[in-house]
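> just to be clear, the model below is a prediction. Sequence and coordinates:
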Amino acid sequence: MLLADLETPALVLDRPRVLHNLARMRDRLAALGVPLRPHVKTAKSADLVRLAVDGQPGGITVSTLKEAEHFLAHGFVDILYAVGVAPGKLAHVADLRRRGADVAIVLDSLAAADAVAGRAEALGARFPVLIEVDTDGGRAGVRPDDRCLVEIGRRLDAAAGTALRGVMTHAGRSYECRSPEALRAMAEQERAGAVAAAEALRAAGLPAPVVSVGSTPTALFAERLNGVTEVRAGVYMFMDLVMEGLGVCTEDEIALSVLATVIGHRRDLGTILLDAGGLALSKDAGRGGGYGRLVDAVTSAPLGLVVASVNQEHGLVPAADADFARLPIGTQVRILPNHACMTAAAHERYHVVDGGEAVAAVWERCNFW
């Protein structure tokens, strides 16, 4: 099968670029002496994640219990469910654990700790728990210096149905950094905050064997990871235009793209129409606006064009007269995404290429929750 045989839009994965990205992260963390627990929320594919855990202990990070189900079915048993757990999901977590998955959960409040402990007792289960720490004021978590941190730890350690496993954090604001110096500083802020939280628990006589940090930018720009026991990162497998804009990757390291077809010319509006719109690309706009960058379908050579706006099933590309000539109706192009995670979520499978037009493999994904 060739790319030209595919109905579009279709998700394309460049395997040599993926392998390059995996090796880059593996080598970087090996130099820092910390193992990787890949985040699979973007990959959602056992075929891909098997490559990512090569040379690592084998643990993975998930964002949905659907992912946990999928990866358990493919032999992955060491799983961190890295979204604050809703009590209504604990029966599902307990079932996964009974079936052999070592699923750990995260929470960040006394109320959540009490809810998990009470639900565990009702289910006759015991849940390993990490306390989520907020190291950058970006989203969830308890601050490392908040006295509530130790109190949460005490509640978890004392309850029969919970086992305190440590702390975890995510430097989500690394995506707002604008220089290598800022990324390095954010990586150190993430590391120091997580380590301080673990030390506060230990000083109170509580266990904190796991100190888990992670984002792709901080993982690749960290200068030291003293006190950290594992790193979680996910988008590094693919990279995207956001990562390129941060200086984390170059365009030729972006492994994910959406294959699309030219379906219309509006010379009066100066616009080329593609059959990939918001549902295929996502509506995450890039820093300079736009919803993806066009490259040649086979060679990946830049075409100097962007998807400037999207409707549900249409991508609109501003074009000059020469562009209409070189991209006649029926021409396939590939679109590099702004946000690989959101773009991939729109598709059921990867069409894997080895740098040419032949589809070498098809890897299924698990979507939804």
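Nice, I can see it.
> the protein - how does it break down into domains?
What automatic domain parsing lists as the domains of the chain is 3-10+249-364, 37-232.
> any idea how far Arg326 is from Val352?
Shown here: Val352 relative to Arg326, a distance of 27 Å by Cβ to Cβ, to the nearest Å. For the C-beta atoms, the positions are set from N, CA and C on the backbone; glycine is no exception.
> who's more crowded, the two?
Per other Cβ atoms under 10 Å, whichever of Val352 and Arg326 has more neighbours is Val352, with 21 against 9.
> neighbouring strands - and their directions - for the lengthiest strand in the chain?
The longest strand of the chain (DSSP state E) is strand 256-266. If you go by DSSP bridges, strand 256-266 pairs up with strand 10-14 (antiparallel), strand 271-274 (antiparallel), strand 332-336 (antiparallel).
> quick one: contacts of the shortest one?
Outside strand 271-274, the residues that touch it by Cβ atoms under 8 Å, 6 or more residues apart in numbering are 260-266, 305, 307, 314-319, 323-324, 327, 333, 335.
> now for the following helix or strand past it, which elements pack on it?
Downstream of strand 271-274, the first helix or strand assigned by DSSP states H and E is helix 278-281. Contact analysis of helix 278-281 by 3 or more Cβ pairs under 8 Å, 6 or more residues apart in numbering; DSSP states H and E lists strand 256-266 as its packing neighbours.
> mind listing what's buried in the strand it packs on?
Buried positions in strand 256-266, judged by neighbour count with 16 or more other Cβ atoms under 10 Å: Leu256, Ser257, Val258, Leu259, Ala260, Thr261, Val262, Ile263, His265.
> which residue is the nearest non-sequential neighbour of the third one?
Excluding its sequence neighbours, the residue lying closest to Val258 (Cβ to Cβ, 6 or more residues apart in numbering) is Ile335, at 4.6 Å.
> middle-most residue in this structure, spatially?
Nearest to the geometric centre of the chain sits Gly234, at 3.8 Å (Cα atoms, centre = their mean).
> now do the contacts for that residue.
By Cβ under 8 Å, 6+ apart, the contact list for Gly234 reads Pro38, His39, Val40, Lys41, Thr42, Ala43, Thr61, Thr216, Cys341.
> go on, Val150?
By Cβ under 8 Å, 6+ apart, the contact set of Val150 is Ala200, Leu201, Ala204, Leu206.
> pull out the buried positions in the helix or strand hosting it.
Using DSSP H and E, Val150 maps to helix 147-158. Using 16+ other Cβ under 10 Å as the test for burial, helix 147-158 gives Leu149, Val150, Ile152, Gly153, Arg154, Arg155, Leu156, Asp157.
> and what of stretch 191-202?
Buried residues in stretch 191-202 (16+ other Cβ under 10 Å): Arg191, Gly193, Ala194, Val195, Ala196, Ala197, Ala198, Ala200, Leu201.
> let's have the residues you listed in a markdown table, adding secondary structure.
Shown next, in a markdown table, are those (DSSP: H, G, I helix; E, B strand; the rest coil):
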| residue | secondary structure |
| --- | --- |
| Arg191 | helix |
| Gly193 | helix |
| Ala194 | helix |
| Val195 | helix |
| Ala196 | helix |
| Ala197 | helix |
| Ala198 | helix |
| Ala200 | helix |
| Leu201 | helix |
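> any idea which of these is closest to Leu225?
Taking Cβ to Cβ as the measure, Leu225 lies nearest Arg191 of the buried residues of stretch 191-202, at 5.8 Å.
> ramachandran coordinates for the residue lying farthest from the centre of the chain?
Computed with Cα atoms, centre = their mean, the maximum C-alpha offset from the centroid of the chain is found at Asp268, amounting to 40.6 Å. Per-residue torsions, Asp268: phi -70, psi -30 (degrees, to the nearest 10).
> need the contact list for it.
The neighbourhood of Asp268, defined by Cβ under 8 Å, 6+ apart, contains no residues.
> pLDDT value on it, please?
Per-residue confidence at Asp268 stands at 96 (pLDDT).
> one more: Asp146?
Taking Asp146 on its own, its pLDDT is 95.
> that one: how many residues sit nearby?
For Asp146, the neighbour count with other Cβ under 10 Å is 16.
> now do the helices in the stretch 251-369 of the chain.
Listed in chain order, the helices of the stretch 251-369 of the chain (DSSP state H, counting those that start in this stretch) span residues 278-281, 321-326, 340-344.
> okay then, goodbye and thanks.
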